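Engineer: have a look; sequence and predicted model below, questions after that.
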Amino acid sequence: MASRPLLIGSTTLVASLLVGAVGVPAAAQAPDGLTHDRAAQVDDLYAFVSPDRPDTATMITTWGGPQGPSEWATQSWFDPDLTYWIKVDNTGDAIADITWTFRFLTNVDAPDSILSTGFGSVPGVPVGVFQSVNVTRNGETMMSGNVPPANIGPRTTPGYAPLSLNYLNALDPNVEPERSGSLFAGQRDDPSFADSGALGDLLGMRPLNAKHARKLKKAKAQDDHSAQNTQVIAIQVPISTLTSDGTVPTGPEAATATIGVWAGASRTSADGVSTTQVSRVGAPLIEDWLIPYGEKAAWQAGDPAADSAYAGRYAAPELAGLLNQAYPGNAPARTADRTDLVQLLGQGVPGLNQTTTEGVADMLRLNLGVPPTAKPNKLGLMGGDLGGYPNGRRLTDDVVDITLRVVGDGYGKALAATMAAAGTAVPDLKSSRSLGDGCGSNDRKPLASFPYVAAPWDGYAGGKARKACSGK
């Protein structure tokens, strides 16, 4: 998740605010160099073995923050001055072995019209404006395709759900279809779910309002991403094209089964040639909850291979201390010597998806030899489900609750046993097992097939923003 949605509400320590001090919101005065480049902001990264095509893996990225359905005219475009990218390390050194880049071109076919699109049933309406995308793999051009229009409304884009799926593209049209892979780039429903408003207010969790140091009345969690859209770039590729030896792992123990994935964007400089990296994401919530404001700009411009400079942020997370202060009745989480977080979030789980035993590297690690789970558990490994986060990330994984609990030392029986089997004993504080924002699922179910992310909300009908969360 991107830095904006889930920020702690003030740069002042929680303890001082709890005794009446008034803090200035951290976003009001950002440190020098902290990017506010919305179009370039990569929000979320998902990577999983495709449930309906287990010989392939799917990687999904979301961009530009949540969009209101009526914002299609200003927000539902990819920026032609950006190079969007997804990178994969398949040798365990946190250096990209595979890089896909995505460049977009805006085409104005009807420059004399005020209409941006010609879809719909009104005769004589010009096509207007549309975007196309060019994709490369390791610098070699793979394909060019078109981006669907935004879901404007029933007059302009009737039957949008099937219409948008007409824009699925063969990722590599130069090979046989079963090895081509697929690409989708366009507007979709925002698949993330979180009570960002409460979490940003001194780590508020509405189900735990009565336990917070500043108590509030009982309230239902609100999903701040409900009825919101986003820009999506998604690819589905044969697993054999991801492994270092070109084979499909026959099981989780295969030597080449684990890959590391990260994504980001680079903006073209004034000379029109060179680019500057302005965002990246690997595992969810690392930048949000482990990397402090003064280091975010450097973090966004960096690479996983250099992340050991931030190892101390994993080993002594400020978030653990803030949770202790916000929920003083809970058993305190450890605030130092967190080798468990270094291992779980920065290196991978031994025996499952570990890529290194030294330092940290922010990648979303995925063991391609673990088959898709028939009935996924939203808590992933914490719920005993080997196919879920932190082994990759599926659209249904509740990464907010998982992260809060592991940082708060509420590992749960299954994940604590997994860590112990790997040689790392961790606490399992009963009071921390209940940490969570109360949002357990998205407001729209994912599709059964690629691109999996549900169709976007249309600009005419919109939707109910801040919908009460489902805990399921």
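Structural biologist: Perfect, I can see it now.

Engineer: which residue ranges of this protein form helices?
Structural biologist: Ranges of helices in the chain, per DSSP state H, are 14-18, 72-75, 160-165, 177-180, 196-199, 286-289, 293-301, 311-315, 318-326, 339-346, 399-407, 412-421.

Engineer: I'd like the average pLDDT over the second one.
Structural biologist: Just to be clear, that refers to helix 72-75. Within the predicted structure, the mean pLDDT of helix 72-75 is 84.

Engineer: what does the first one give?
Structural biologist: Per-residue pLDDT values across helix 14-18 average out to 39.

Engineer: then the last one?
Structural biologist: Looking at helix 412-421 alone, the average pLDDT works out to 94.

Engineer: ok, now the fifth one?
Structural biologist: When pLDDT is averaged along helix 196-199, the result is 96.

Engineer: can you start the count at 7 instead of 1 from here on
Structural biologist: New numbering, starting at 7: the last item is helix 202-205.

Engineer: show me what it is packed against.
Structural biologist: Judged by 3 or more CB pairs under 8 Å, 6 or more residues apart in numbering; DSSP states H and E, helix 202-205 is in contact with no other helix or strand. (Each C-beta comes from the backbone N, C-alpha and C, glycine too.)

Engineer: ok, residues contacting that helix?
Structural biologist: Pro11, Leu12, Gly210, Met211, Arg212, Ala227, Gln228, Asp230, His231, Val406, Asp443, Arg472 (CB atoms under 8 Å, 6 or more residues apart in numbering).

Engineer: from those, which is closest to Gly252?
Structural biologist: Using CB to CB, Val406 comes nearest to Gly252 of the contacts of helix 202-205, at 36.7 Å.

Engineer: my read is that Pro60 contacts Pro378, right?
Structural biologist: Yes - the pair formed by Pro60 and Pro378 meets the contact definition of CB atoms under 8 Å, at 5.6 Å.

Engineer: show me where the protein has strands.
Structural biologist: Taking DSSP state E as the criterion, the chain carries its strands at 48-55, 62-73, 88-95, 104-114, 135-143, 146-153, 175-176, 188-195, 228-229, 235-244, 264-274, 281-287, 370-373, 473-474.

Engineer: list the buried residues in the fifth one.
Structural biologist: Along strand 135-143, the positions that meet the burial threshold by neighbour count (16 or more other CB atoms under 10 Å) are Val135, Phe136, Gln137, Val139, Val141, Thr142, Arg143.

Engineer: tabulate these (JSON lines), appending pLDDT and distance to Asp118.
Structural biologist: Shown next, in JSON lines, are the buried residues of strand 135-143 (pLDDT from 0 to 100; distance: CB to CB, whole Å):
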{"residue": "Val135", "pLDDT": "84", "distance to Asp118": "12"}
{"residue": "Phe136", "pLDDT": "87", "distance to Asp118": "16"}
{"residue": "Gln137", "pLDDT": "92", "distance to Asp118": "20"}
{"residue": "Val139", "pLDDT": "97", "distance to Asp118": "26"}
{"residue": "Val141", "pLDDT": "97", "distance to Asp118": "32"}
{"residue": "Thr142", "pLDDT": "96", "distance to Asp118": "34"}
{"residue": "Arg143", "pLDDT": "96", "distance to Asp118": "38"}
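
Engineer: of these, just say which sits nearest to Leu358.
Structural biologist: Minimum distance to Leu358 across these is 27.5 Å, recorded for Arg143 (CB to CB).

Engineer: quick one: contacts for the closest one?
Structural biologist: By CB under 8 Å, 6+ apart, the residues touching Arg143 are Ile104, Thr105, Trp106, Asp178.

Engineer: sorry, back to before: which one of the contacts of helix 202-205 is nearest to Lys221?
Structural biologist: Proximity of these to Lys221 (CB to CB) peaks at Gly210, which lies at 10.5 Å.
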